[in-house]
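Trainee: model the structure of this input:
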Amino acid sequence: MKKLLYVAALPAFLVSASTLVSAATSEVFVNGGFETGTGNSPSGWTLHSGTWKNGTISGISYTTNSQSSDSAIITNNTLKDSYTLSNLSMVYSGAQSFRLGNLSVSGNTPNAHWASASQSFANFNASSLSFAFAAVLEDPTSGHTAAQEPRFTFQVKDETTNTFLYNISISNPTGNTGGLTWHRGLVDNSAGSVFMYTDWQSVTLDTSSAIGDTLSVFVASYDCSLGGHDGWAYIDGFTALTAAAPNAGVDRQIYNPDVPEPSTYGLIGIGALALAVASRRRKKA
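Mentor: Residues are numbered from 1 along each chain as shown. Sure thing, here's the model as predicted:
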């Protein structure tokens, strides 16, 4: 089976469809509103969800929210994800985080669900943007094309200049991993699959070129489009000041990839684009 890092022009950011916030101060995210939110409604984010069974990424309409119960604010920072053999902390920093997608549980099937969260800022005036994420993707061993597999996507875009500051979309993490270190979690022998997961990835972007512009963030997770394998992700640690420190015992990787020149993005389509990673180092909190 072909395995690749898949960086595609998935959703174009529609500022009118996202929460638009004026960044009047240097701190714009305040950890994404996760610390004060409950249920599945983090403050400041626009949430969309739905199904894409037997469909394609390019056909997804990011305007529905029919599977809103799949995602949830995690309010207990001692919880571990059981599908990572209880190695991955569900919260990176502080007391709460946000999970995009539904943890596979007994009696529940993926059903080709997807979930996204987006947020936009007008007049962005911070010179850096930091955040953290961790992804869990069930890796089918056969019967799927790369476009059908569980997937995780994270994009930061300067809407004013129509360029990406950060853009990854990963399926099949046992192949081309996009510079991320993936670990084997729970094995599902009945489905012939294994759950793969990352440590928390700590990212700091240089956003000095976007000062005064409108900045957008889009994060999404997807089950496989055939309906039999899961994908979900955790996001946390959003700040435009000093990067958030992880809680005690949280494993993290500093992940600050080079971003292709803006002209490169003219080549992005529904095909694949290799993402060069300039530096990464392993760090235990």
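Trainee: distance check, residue 211 against residue 240.
Mentor: Between residue 211 and residue 240 the distance, using CB to CB, to the nearest Å, works out to 11 Å. Where C-beta positions appear, they are placed from N, C-alpha and C, glycine not excepted.
Trainee: tell me which of those two has more neighbours.
Mentor: For the pair residue 211 and residue 240, the greater number of neighbours falls to residue 240 (23 against 13), based on other CB atoms under 10 Å.
Trainee: any idea how far the more buried one is from residue 36?
Mentor: Relative to residue 36, residue 240 is positioned 17 Å away (CB to CB).
Trainee: which residues touch residue 130?
Mentor: If a contact means CB atoms under 8 Å, 6 or more residues apart in numbering, then residue 130 has 202-205, 237-240, 242-244 as its contacts.
Trainee: which secondary structure element contains it?
Mentor: In this structure, residue 130 is located in strand 128-140 according to DSSP states H and E.
Trainee: re earlier: filter the contacts of residue 130 to the buried ones?
Mentor: Among the contacts of residue 130, those that count as buried by neighbour count (16 or more other CB atoms under 10 Å) are 202-205, 237-240, 243-244.
Trainee: out of these, who's nearest residue 180?
Mentor: Distance from residue 180 was checked for each of the buried ones among the contacts of residue 130 by CB to CB. The minimum falls on residue 203, at 10.9 Å.
Trainee: show me what the residue nearest to residue 207 when sequence neighbours are not counted is bridged to.
Mentor: Counting by CB to CB, 6 or more residues apart in numbering, residue 207 lies nearest to residue 129, which is 4.9 Å off, once chain neighbours are set aside. In this structure, residue 129 bridges to residue 205 when assessed by DSSP bridges.
Trainee: is it true that residue 129 touches residue 241?
Mentor: No - under the criterion of CB atoms under 8 Å, residue 129 lies out of contact with residue 241, with a separation of 9.9 Å.
Trainee: are we agreed that residue 228 is in a helix?
Mentor: No - in this structure, residue 228 is coil, not part of a helix, as judged by DSSP: H, G, I helix; E, B strand; the rest coil.
Trainee: now it: phi and psi?
Mentor: In terms of degrees, to the nearest 10, the main-chain angles of residue 228 are phi -120, psi 0.
Trainee: thought it was touching residue 113?
Mentor: No - in this structure, residue 228 sits apart from residue 113 without contact. The criterion is CB under 8 Å, and the distance is 11.9 Å.
Trainee: please say which of the two ends up with more neighbours.
Mentor: When neighbours are counted by other CB under 10 Å, residue 228 and residue 113 differ, and residue 113 comes out ahead with 24 against 19.
Trainee: please look at the more buried one and residue 68 and confirm they touch.
Mentor: No - counting by CB under 8 Å, residue 113 stays clear of residue 68, with 10.6 Å between them.
Trainee: what do these two both touch?
Mentor: Both residue 113 and residue 68 are contacted by residue 49, under the criterion CB under 8 Å, 6+ apart.
Trainee: what touches both of residue 211 and residue 240?
Mentor: Jointly contacting residue 211 and residue 240 under the rule CB under 8 Å, 6+ apart are residue 126.
Trainee: in the stretch 151-285 of the chain, where is pLDDT below threshold?
Mentor: Within the stretch 151-285 of the chain, the set of residues satisfying pLDDT under 70 comprises 172, 175-178, 191, 255-285.
Trainee: and the strands in the stretch 1-150 of the chain?
Mentor: Taking DSSP state E, counting those that start in this stretch as the test, the strands found in the stretch 1-150 of the chain are 20-22, 46-51, 72-74, 80-81, 88-89, 97-100, 113-122, 128-140.
Trainee: and those, which is most packed in?
Mentor: For the strands of the stretch 1-150 of the chain, the stretch with the most neighbours on average is strand 97-100, a mean of 27; neighbours defined as mean count of other CB atoms under 10 Å.
Trainee: pairing partners for it, with directions?
Mentor: Paired strands of strand 97-100, defined by DSSP bridges, are strand 72-74 (antiparallel), strand 231-239 (antiparallel).
Trainee: quick one: closest of those to residue 123.
Mentor: strand 231-239 (17.9 Å).
Trainee: ok, then the element right after the closest one?
Mentor: Once the chain leaves strand 231-239, the next helix or strand it forms, by DSSP H and E, is strand 251-255.
Trainee: and that next one, what other elements does it pack with?
Mentor: Applying 3 or more CB pairs under 8 Å, 6 or more residues apart in numbering; DSSP states H and E, we find strand 251-255 packed against strand 200-206, strand 280-284.
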